[in-house]
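1. Turn this into a model:
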Amino acid sequence: MRTKAKSIPWITPAIKQQMRTTTKRNGIRLNSPIRWDMYKTLRHEVNNKMRKSKIDFYHKEIGDCAKLKDFKKIWSLINTLTGKNNKSTTITEILVNDNSIADS
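-> Numbering: from 1, shown residues only. Reported below is the predicted structural model:
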């Protein structure tokens, strides 16, 4: 069963478009060192843009909360950044070939 990924607010439509153009398939399928180098360069640019966009997003969010003196929201953002809000899910049952396997 697949779940839809949560929306990531710092990924802009421009970054999404650039992600689509940096397909790994082109570098591998065409088996060309030039294409592979071009793919790596574009991938590096996309990763840098995503990092900068994420930093800008959280700076803006924390700045907005600080202006409003909303400390609960600030700490919520800090906990999100540090990963304290991530809850691991425990799988208790798996379905394999129409057979249910449960954790005992």
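2. Please count neighbours and contacts with C-alpha atoms only from this point.
-> Noted.
3. next SSE after the longest helix seen in the chain?
-> Identified as the longest helix of the chain according to DSSP state H is helix 33-68. Remark: after helix 33-68, the chain's next helix or strand is helix 71-82, criterion DSSP states H and E.
4. what's that next one in contact with?
-> 58, 62, 65-66, 85-86 (Cα atoms under 8 Å, 6 or more residues apart in numbering).
5. just stretch 97-104 next, same as before
-> Contact with stretch 97-104 is made by 92-95, as judged by Cα under 8 Å, 6+ apart.
6. pull the CA atoms of it into CSV?
-> What follows is stretch 97-104, C-alpha atoms only, in CSV (Å, rounded to 0.1, in the frame of the first residue of the first chain):
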residue,chain,number,x,y,z
ASN,A,97,0.7,-13.8,-1.0
ASP,A,98,-2.7,-13.5,0.6
ASN,A,99,-1.2,-14.8,3.9
SER,A,100,-1.2,-12.6,7.0
ILE,A,101,2.0,-12.6,9.0
ALA,A,102,1.6,-11.1,12.5
ASP,A,103,4.2,-10.1,15.0
SER,A,104,4.0,-12.4,18.0
